[in-house]
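> Next one to model:
(chains A and B)
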There are 2 protein chains.
Amino acid sequence: MTDGPYLRVNFLPELVAGDALAGAAVAVIDVLRATTTAIAALAAGARDVLPCLTIEDARRRAAEFPVGEAILGGERGGTAIEGFDLGNSPLEYTPHVVAGKSVVLTTTNGTKALLHCQAAAEIVLAGFVNLTAAADRLLKAANKHGGPIDVVCSGTDGAVTREDVLLAGALVDRIAGDDCPAIDDQAALARDAWRTVFGSGEDLPARLLPALVASRGGRNLSALGMQRDIEFAARVDEFQLVPRFDAASHSISPA
Amino acid sequence: MTDGPYLRVNFLPELVAGDALAGAAVAVIDVLRATTTAIAALAAGARDVLPCLTIEDARRRAAEFPVGEAILGGERGGTAIEGFDLGNSPLEYTPHVVAGKSVVLTTTNGTKALLHCQAAAEIVLAGFVNLTAAADRLLKAANKHGGPIDVVCSGTDGAVTREDVLLAGALVDRIAGDDCPAIDDQAALARDAWRTVFGSGEDLPARLLPALVASRGGRNLSALGMQRDIEFAARVDEFQLVPRFDAASHSISPA
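Below is the predicted model:
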């Protein structure tokens, strides 16, 4: 039962003390859309993604680059920021736009979650789009560091969101299977939620997309006419790439 | 989709501001064991249950009664308190012991959750042992007060517990069915968890008990040799009684 690392899920960053993450291999999740977008940007050839808490920070950090080297992206309230190059839609982060450049990204919940996890031994970004690769990487990191695995859901403004918990459950399902390694109650609940969507495993795309559309984040994006972003976020294992957040350099690059 | 009240679940009291509960019909849940015990005590004929935060408060409140009129009950760390008449096991609250008397009860998480909800229009206590009656009462209260329904899980020392979330999901399933009334993401997640246990509905007792045993609260009680309390808490619809917490008199009596 207890072979392998202990696996915990945190429905919100606020539900785990930053100190409690020391030594852990952490996956940060903001399915709609920050982590999905960061994965897409790096898969499209961006050199790195530099997460910023505020719009001012983002402008300042981008200004440190030679002209044309940095791309400014992000959102407030789900919509693009005036004067920025890109919004927070993963579809915008194409090789043509971002290859070889640094993406300075400011979003609210995802960035806050990343910063909350700074004490961890390793921090990776997960989406449905890199589900299998992220699960593999977490297990490897936990074995390397000898600590637990913590999945941290970003949520939205302090509220638990089902899209993030579903992905947490998918990671638990990949890593823990039915009974090994040991998991906490939030991990068991996340797996319950994922299995409700996953069903028999057949027709997963047909089951996952409506679940994401009905989630809090999905409803917000639908109201903004951004259904295509939800479709993108639902493409399970589109990428093999796992972004890693380096707290020292405050940058995200492929693990 | 939005006929009937809005239904929200809160995995911990800390996840909802007390003010946000104004006007709501609230169910407080501490399946293992405070709410289950309060239901059992009232069903056994106790006049009322008086929840206290501290051991000192409980002793003081009990001392206000004529000799033999009050029963002191409760726990710390799951075990009985020195000098108290009863622990926190619902099995101890028999008619012979509590009928006609006031039960002064001090537990940690359940009492804290009750106090957190004081702004609500109505506060009832739910367990699996009064599932159907509690769901009916919540719906009636919400219709009467015109506000939302909030299910508040007590958790354990700030950690989400699956036993409480499962009952929250069972309440959502009873009240909301598949799509009506409107529910939030935590309610949807709780329902996911409940449906994982509920399955086809056949053999529910055989499915619910192991789920409660495996939960955080269940593991704690098993370690203390209190498996029979878990069995008691798993008796779905054993009682029709719904306890109501009156914030003004700070007492719990049948609704």
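> does any part of the helix or strand of chain A at the bottom of the mean pLDDT ranking sit near chain B?
Ranked by mean pLDDT, DSSP states H and E, the helix or strand of chain A with the weakest confidence is helix A:109-116, at a mean of 92. No: against chain B, helix A:109-116 shows no contacts by CB under 8 Å from any CB of the partner chain, the least distance being 13.7 Å. In short, each C-beta sits where N, CA and C put it, glycine included.
> helices or strands up against that helix?
Contact partners of helix A:109-116 among helices and strands, from 3 or more CB pairs under 8 Å, 6 or more residues apart in numbering or on different chains; DSSP states H and E: strand A:25-29, helix A:34-43, strand A:48-52, strand A:149-153.
> How about whichever helix or strand comes after the last one and chain B, touching?
Spelled out, that is strand A:149-153. Heading C-terminal from strand A:149-153, the first helix or strand you meet, by DSSP states H and E, is helix A:162-176. Yes: applying CB under 8 Å from any CB, one finds helix A:162-176 touching chain B at A:R162, A:V165.
> can you give me the offset of helix A:162-176 from its chain's centre?
12 Å (CA atoms, centre = their mean, to the nearest Å).
> What is it packed up against?
strand A:7-10, strand A:25-29, helix A:131-145, strand A:149-153, helix A:185-198, helix A:204-214, helix A:216-223, helix B:185-198.
> closest one to B:A142 among these?
Using CB to CB as the measure, helix B:185-198 is the one of those that comes nearest B:A142, at 13.5 Å.
> wait, doesn't A:D173 sit right on A:V197?
No: in this structure, A:D173 is not within contact of A:V197 by CB atoms under 8 Å, at 10.6 Å.
> Quick check: residues of the stretch 151-255 of chain A near chain B?
Residues of the stretch 151-255 of chain A found near chain B (CB under 8 Å from any CB) are A:159-162, A:165, A:184-186, A:188-189, A:192-193, A:195-197, A:214-216.
> Next one: A:E202 from chain B, what distance?
18 Å (CB to the nearest CB, to the nearest Å).
> give me the low-pLDDT residue ranges for chain A?
Along chain A, segments meeting pLDDT under 70 span A:1-3, A:178-180.
> Okay, A:V124 and A:S253: tell me how far apart.
Here A:V124 is placed at a distance of 11 Å from A:S253 (CB to CB, to the nearest Å).
> what touches both of the two?
Shared contacts of A:V124 and A:S253 (CB atoms under 8 Å, 6 or more residues apart in numbering or on different chains): A:P243, A:R244.
> between those two, who's got more neighbours?
When A:V124 and A:S253 are compared for neighbours, A:V124 comes out ahead with 22 against 16, by other CB atoms under 10 Å in any protein chain shown.
> Helix or strand: which one has the more buried one?
With DSSP H and E as the test, A:V124 turns up in strand A:122-126.
> Render the CA-only coordinates of that strand in CSV, please.
Coordinates of each C-alpha in strand A:122-126 appear next as CSV, following Å, rounded to 0.1, in the frame of the first residue of the first chain:
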residue,chain,number,x,y,z
GLU,A,122,10.6,20.6,-8.0
ILE,A,123,7.7,22.4,-9.5
VAL,A,124,6.2,21.3,-12.8
LEU,A,125,3.2,22.6,-14.7
ALA,A,126,0.4,20.2,-15.7
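> Rebuild the helices and strands packed on helix A:162-176 as a markdown table, extending it with distance to A:P66.
Formatted as a markdown table, the helices and strands packed on helix A:162-176 follow (distance: least, CB to CB, whole Å):
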| stretch | distance to A:P66 |
| --- | --- |
| strand A:7-10 | 39 |
| strand A:25-29 | 30 |
| helix A:131-145 | 32 |
| strand A:149-153 | 35 |
| helix A:185-198 | 44 |
| helix A:204-214 | 39 |
| helix A:216-223 | 34 |
| helix B:185-198 | 43 |
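> closest one to B:R47 among the ones you listed?
That would be, of the helices and strands packed on helix A:162-176 and by CB to CB, helix B:185-198, which comes in at 33.0 Å.
> tell me what the closest one is packed against?
Where contact means 3+ CB pairs under 8 Å, 6+ apart, helix B:185-198 is packed against helix A:162-176, helix A:185-198, strand B:7-10, helix B:162-176, helix B:204-214.
> what domains does the record give for chain A?
Listed by automatic domain parsing, the domain ranges of chain A are A:7-29+A:121-241, A:36-106.
> out of those, deepest packed?
Most buried of these by mean neighbour count (mean count of other CB atoms under 10 Å in any protein chain shown) is domain A:7-29+A:121-241; its value is a mean of 21.
> any idea how far that one is from the chain center?
Computed by CA atoms, centre = their mean, the chain-centroid distance of domain A:7-29+A:121-241 equals 8 Å.
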